[in-house]
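Peer 1: the following comprises the amino acid sequence and a computationally predicted model.
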Amino acid sequence: MNPAFLKKVKRNDRIARWVITVGGMAIIFSVIFILILIAEVSLPLFLSPDKDLHASFQLEGRAAEEKILAMGVDEYLETGYRLDQAGRVNFFNIADGSAIDSLQLVSDTGSRRLITAQTYGRLNHMLVWDDGSVTIERVKFFPFFDEADDNQRSIRHELEHRAIFAPPSYGLPVKTMARVNDEGRQVRVDLFRSGIFQITIIEEEESLFGAGERVQESHQLEIDSVGEVTAMTLSTDGIKLYLGTSKGEILRWDLSEIDHPVLEETTQAFLDQREITALNMVFGDVSLIVGDQQGGVSTWFPVRDADVGWKLTQIHQLHGHAHAVQDVQPSPHDKSVLSIAADGINVSHMTSERFLVNIANGAEKIEAFAQSTRGNGIITLSDHGTVQSWKLDIPHPEVSLKTLFGKVWYEGYPEPTWAWQSSAGTDDYEPKLSLTPLIFGTLKGTFYAMLFAVPLAIFGAIYTSQFARPKFKGIIKPAVEVMAAIPTVIIGFLAALWLAPLIERSLGSMFLSLILVPAALMLSIALWQGARKLSPLKQVERGYEFLVIAPVIVLAVAIAAILGPGLEDWLFAGDLKQWLFNETGTRYDPRNCIIIAFAMGFAVIPIIFTISEDSLSNVPPSLKAASLALGASRWQTVWRVILPSASPGIFAGTMIGFGRAVGETMIVLMATGNTAIMDLSIFNGMRPLSANIAVEIPEAPVDGSLYRTLFLSAVILFIMTFIVNTVAEIVRQRLRAKYGRF
């Protein structure tokens with residue numbers, strides 16, 4: 001060989017080797033880089049919360065002398081305020097404690113002083129005065145840009161008087177609770193030393209002629225409990241009342257009817273009868289926070305019981321304290337819970353049961369605290385007059401491994417479950433971000449699609465490569481491969497708007513065809529075996545068997561379509577869907593896994609068929625000739641020789657089709673009900689990971705919990721595909737080594 005030509009060939013080989021190597025490595029690094037990008041977005045879901053001491057200063061002068069009953073802070077962590085016994089609301093700069101403004105709650109400050117103050121909702125304060133009267137005030141912050149000060153942002157402070165209750169006729173109560181809702185309904189609850197329990201409800205009612213009328217009802221009741229009442233709370237709307245006793249009892253009242261308060265139940269919360277020291281309602285007024293003498297913090301809400309009706313049930317056990325709980329407060333922003341004891345303030349999230357942060361003031365005891373309305377900061381006051389402002393960095397408190405993959409008991413649910421519900425119509429909803437039903441839906445849809453596609457694709461590949469005439473093969477194979485070019489959105493559109501209604505109308509015919517088609521095929525094969533000795537039929541058998549099989553299938557489907565409605569009328573009273581629900585409890589969803597099996601199977605068949613057909617056709621002809629020469633039939637040759645030799649390729653094609661089905665988006669998005677349920681029934685829909693990403697990502701706030709959870713879904717899809725491809729390659733290599741001797 002010419003040395004110059006040989007040198008050129010070797011140089012080209014080296015160049016090709018380097019180009020292929022660099023290209024392959026670039027693809028590998030690109031895939032890894034994509035994984036890193038999506039994993040980086042989802043990683044903050046699992047980062048630990050953080051706190052930062054924003055400011056600390058000492059109260060001085062008169063401020064230090066007055067007892068502080070309540071505190072608050074604006075959502076920007078710039079302005080704080082304190083409420084003292086004289087009824088003054090003093091606003092101060094969070095950074096250094098310098099005074100900003102002061103507002104007086106009442107004009108006759110010399111005659112009345114505050115006894116207690118309780119904060120609820122968004123900067124609402126229930127105030128109990130020393131004469132027994134109660135008022136409800138709201139502190140408001142109004143940011144504005146001051147033109148006189150170069151358009152610098154400033155904050156104006158106001159007090160909104162919301163309700164007033166006159167002193168009770170029985171003297172000063174031991175415990176008092178009051179609320180007013182947005183419609184003006186006022187509720188006051190008083191507990192007196194004599195054991196009398198008084199409820200006062202004031203409502204605005206409209207008369208027959210449209211005039212407003214103020215109606216007031218008072219009820220004196222006696223509490224039937226073993227222990228002394230030690231804690232009390234009202235819901236924000238004043239409808240739900242809870243009492244806790246020294247013997248661990250919880251009494252639940254319904255105050256929705258102005259003329260008839262109802263004691264709905266008395267529950268022994270703790271078997272050891274530990275004292276309940278604090279009660280409050282979680283944001284949304286569905287769940288009850290319970291703090292006890294042993295430092296435990298738990299949440300409860302009524303659950304329907306088949307025997308006793310609604311029963312208060314403990315749902316979550318949160319991070320507790322080493323000492324008795326002094327107070328519990330809900331976050332005004334989400335389902336987080338703040339509890340205070342001698343060891344400081346614990347912040348936990350109810351749904352995820354995550355312990356978020358602990359805030360302590362060293363050796364000083366925290367006497368008052370408040371959280372910002374955004375939940376991003378806490379201000380505390382110690383018994384030494386030290387005010388501290390803490391910034392909280394808790395971006396995703398509702399997310400944990402349990403909420404993502406485990407069963408969680410959500411508000412209003414009868415039991416723990418897997419659920420996905422990323423949004424609701426109110427701000428106080430409980431996010432449900434479980435990925436388990438989405439993973440289940442992905443695997444369920446893929447399973448039914450593969451159940452439909454794999455047999456058709458593989459048997460079609462066997463017939464085309466081993467039995468069909470070359471001319472017929474030249475038509476069929478390109479036609480099937482062209483199927484892969486059909487846009488999946490078209491397939492999903494047809495499945496949703498044409499196939500789903502068609503199957504729903506002819507459900508009985510479809511099930512009958514599942515019986516008649518196999519039976520007709522078996523019968524036709526048996527008849528064929530007896531008649532195949534006739535000379536004309538021998539010519540048909542050589543590669544044109546489909547000419548006999550196709551009419552049989554069409555005839556069987558036609559008979560099923562004709563007999564199906566009559567059979568449904570006879571056996572199922574004309575409504576198979578209703579019979580399924582009555583007898584088996586199975587609901588028929590028009591967009592279900594039957595539709596997915598046909599639609600997604602139609603999209604997967606070309607991939608499996610093409611790869612399997614190529615693998616079968618590439619088996620050396622000598623193996624087939626040797627088998628036939630030894631007297632084996634064509635089918636024996638295919639089953640014993642061709643299929644084992646081509647099994648690595650067939651398996652690889654099946655796994656590629658599986659990966660294609662796992663990642664399919666448009667078909668499952670359009671042809672399923674997008675219901676995130678965990679049910680193996682073929683009559684129900686599902687929501688796979690890919691479709692969920694497509695549905696939710698346009699509305700997901702950037703860097704929010706939903707946004708990052710969707711990126712985590714993409715990571716899981718990536719990992720699932722990686723695992724499938726890895727297993728497929730391992731199995732393919734083993735099959736190749738096993739049958740390589742052929």
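Peer 2: Done, it's in.

Peer 1: kindly export stretch 576-583 (C-alpha atoms) in PDB.
Peer 2: Extracted C-alpha coordinates of stretch 576-583, given in PDB (Å, rounded to 0.1, in the frame of the first residue of the first chain):
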ATOM      1  CA  LEU A 576     -72.500   0.000  32.800                       C
ATOM      2  CA  LYS A 577     -70.800   3.100  34.400                       C
ATOM      3  CA  GLN A 578     -73.500   3.300  37.100                       C
ATOM      4  CA  TRP A 579     -73.300  -0.500  37.700                       C
ATOM      5  CA  LEU A 580     -69.500  -0.200  38.200                       C
ATOM      6  CA  PHE A 581     -70.000   2.500  40.800                       C
ATOM      7  CA  ASN A 582     -72.900   0.700  42.600                       C
ATOM      8  CA  GLU A 583     -71.300  -2.700  42.700                       C
END
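
Peer 1: got a list of what the residue positioned nearest the centre of the chain touches?
Peer 2: With distances taken as C-alpha atoms, centre = their mean, L433 lies nearest the centre of the chain, 2.3 Å away. Shown in contact with L433 (C-beta atoms under 8 Å, 6 or more residues apart in numbering): 398-399, 403-404, 420, 422, 705-706, 709. In this view, the C-beta of every residue, glycine as well, is placed from N, C-alpha and C.

Peer 1: do the same with I677
Peer 2: 437, 441, 684-686.

Peer 1: quick one: pLDDT of I136?
Peer 2: Model confidence at I136, given as pLDDT, is 91.

Peer 1: so it touches M126, yeah?
Peer 2: Yes: with contacts defined as C-beta atoms under 8 Å, I136 counts as touching M126 at a distance of 5.4 Å.

Peer 1: which of the two has more neighbours?
Peer 2: Neighbours were counted for I136 and for M126 using other C-beta atoms under 10 Å; M126 has more, 25 against 22.

Peer 1: where does the more buried one land in three-state SS?
Peer 2: Put simply, M126 is strand when judged by DSSP: H, G, I helix; E, B strand; the rest coil.

Peer 1: in the sheet, who's paired with it?
Peer 2: For M126, the beta-bridge partners are Q118, I136 (DSSP bridges).

Peer 1: please name the residues that touch H333.
Peer 2: H333 is in contact with 283, 371-376, counting by C-beta under 8 Å, 6+ apart.

Peer 1: which of those fall in strands?
Peer 2: The strands, defined by DSSP state E, take in Q371 from those.

Peer 1: from the contacts of H333, which is closest to T675?
Peer 2: Of all those, F283 has the smallest distance to T675: 27.8 Å, by C-beta to C-beta.

Peer 1: for the closest residue to the closest one other than its chain neighbours, give me its contacts.
Peer 2: Excluding the flanking residues, the one nearest F283 by C-beta to C-beta, 6 or more residues apart in numbering is P330, at 4.7 Å. Contact partners of P330, counting by C-beta under 8 Å, 6+ apart, are 280-283, 289, 336-338.

Peer 1: switch the cut-off to 7 Å
Peer 2: Going by C-beta atoms under 7 Å, 6 or more residues apart in numbering, P330 touches 280-283, 289, 337.
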